[in-house]
Every structure is written in structure tokens, then in C-alpha cells.
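Engineer: Pasting a predicted model and its sequence here:
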Amino acid sequence: MRLNFLSRGDEYFHTAYRDGGIVIGAPHNGTRQNVEADIGTGPIAQALAEKLNAGVVVVSDLRQVVDVNKNPLELGSNIRKYAVRYQNELFNHLPTLIIEIHGHVSGIYAVEVSTGFNLEANNSSDVSFL
């Protein structure tokens, strides 16, 4: 399933699910130059997801507003909903592995691959995934 990374309005989230147990996330995809975002990470996440038969969750053009892969409890109430939605989309099908694709602005490589963020045992919404 091809995702449209250029849609605007309320369509910041682009998702496709597969039964492979893996989800690829791109929390800071940017679709426009000169915007503080990880330009091009969405298509990289999608290509990797297709190769691995994985699901994919891409958040486009929200980086200047909110860092969706951070702890929602540490975010302002007006933007917390985006981080909660991102995390809910990632964990929606109880994956066995989550891989995030990020731009890397301070190193010699343009792309960073990570295994997501830390879950916290004292956060009731994280407990079921731990």
C-alpha cells in the first residue's frame, strides 16, 4: 500500500498495517524544504516496511509543533493528543518490534535508525506493552 506523504489539513498521520509483527515509524517526516523536520524519512520508512512486510506509521510536518515520539505526559495538553495518537498507532497491533527512522542533523550520517522510545512501568498505558 503506497502512502500519500503530500496530503495536508488534518492528515498528518499516514498508516498501513501488516501482520508481520514489525512496525516502522517515522515521527518527524518532512515534506517541504526549510521546515524543521526529517526530510524524506517517510519514504524511507515506507520502503523498509515494504521490504520487511511491516506496518508503517508516518507523521508528516508536525515536528515544529510537537515531538510525537516523546512522553505525552511531559507535553502540553494542547499538543499531547498527537504523541498519544502516534504511540497508539505504533502499538495498535501489538508488534514484536518497532523501528524508528530519524534524520540525523549532528552526525556524519543523514539517517538514524532506532528501536523507538523507552516504555515506563509506572505509566499505566505502557504497562500492557511491557
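Structural biologist: Perfect, thanks for sending it.

Engineer: So for stretch 11-25, what gets flagged as buried?
Structural biologist: By 16 or more other C-beta atoms under 10 Å, the buried positions in stretch 11-25 come out as Tyr12, Phe13, His14, Thr15, Ala16, Tyr17, Arg18, Ile22, Val23, Ile24, Gly25. C-beta coordinates here come from the backbone N, C-alpha and C atoms, glycine included.

Engineer: just stretch 26-43 next, same as before
Structural biologist: For stretch 26-43, by 16+ other C-beta under 10 Å, it's 26-31, 37-43.

Engineer: And stretch 85-102, by the same measure?
Structural biologist: Arg85, Tyr86, Gln87, Glu89, Leu90, Phe91, Pro95, Ile98, Ile99, Glu100, Ile101, His102.

Engineer: For that stretch, give me every contacting residue.
Structural biologist: Identification of contacts with stretch 85-102 by C-beta atoms under 8 Å, 6 or more residues apart in numbering yields 13, 15, 17, 19, 21-28, 38, 41, 44-45, 48, 54-55, 57, 59, 68-69, 72, 111-117, 125, 129.

Engineer: Check stretch 23-41 too.
Structural biologist: Under C-beta under 8 Å, 6+ apart, the answer for stretch 23-41 is 5-6, 17, 42, 44-46, 48-49, 52, 54-64, 67-69, 86, 90, 93, 95, 97-103, 111, 116.

Engineer: Break down this protein into its strands, ranges please.
Structural biologist: For the chain, strands defined by DSSP state E occupy the ranges 13-16, 22-30, 38-39, 55-60, 97-103, 111-114.

Engineer: Alright, that wraps it up for me.
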